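Asks: here's a sequence, model it:
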Amino acid sequence: MGPMEIIAESLGFIAIGLGFLIFQQKTRNRILATKLSADVIWIVHFLLLGATSGMVVSLVGVLRSLTFFILSLKGKSGNRGWLAFFMSIGVGAIILTWKNVYSICSVFSCIFATFGYWQKKPQNTKIMGIFVCITQIIYAIFVGSISVIINEIITLVSIAIFFFRLYAEKRQAEKAASEDAEN
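Replies: Down below sits the predicted model:
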């Protein structure tokens, strides 16, 4: 592994930490802010690896997260026009930077991520995140990014932890309600 790859992987591991935190956030604004931070680091990671499709997905992610975050701060939601816009520029940019058949994974990842982060409900964002992880793992295997593979596995674990916590909280609330009804 050369110096550029070592730097790229080091940055990837920093982004991994942020990636874990994305899906632990309870509000849309915090999800978007954390995602924005991680994507900036992933841009540099992919640039250093020469993985242009992955870099483009991250660049679109930065623009998308920034736009959705600003709209959310203003009390506005992203309309379908923004959804179509970010899907179109993401897919178009990936096609322009196409390297091989595995770039198709970046297309799907971009579509899933854009749709997911466009969602108003954080739970829906997290469900779409599962599909992003799967397509990114496949892409990472073929571009040789160890940190992306690890990131996506950790992200899947993070999503599972979130839903387990949600399930546990719901069960606890149901149990408390049942006990109150008995008394």
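Asks: helices along this protein, start to end?
Replies: Along the chain, the segments classed as helices by DSSP state H run 3-22, 28-49, 52-73, 80-96, 103-118, 122-143, 146-182.
Asks: could I get the ones you listed as CSV with mean pLDDT?
Replies: Formatted as CSV, the helices of the chain follow (pLDDT from 0 to 100):
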stretch, mean pLDDT
helix 3-22, 89
helix 28-49, 90
helix 52-73, 83
helix 80-96, 89
helix 103-118, 89
helix 122-143, 92
helix 146-182, 89
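Asks: list the contacts of stretch 99-110.
Replies: 51-54, 56-57, 60, 87, 90-91, 94-95, 97, 131-132, 135-136, 138-139, 142-143 (CB atoms under 8 Å, 6 or more residues apart in numbering). All C-beta atoms are positioned from the backbone trio N, CA, C, and that covers glycine.
Asks: now with 7 Å?
Replies: By CB atoms under 7 Å, 6 or more residues apart in numbering, the list of residues contacting stretch 99-110 from outside reads 52-54, 56-57, 60, 90-91, 94, 132, 135-136, 138-139, 142.
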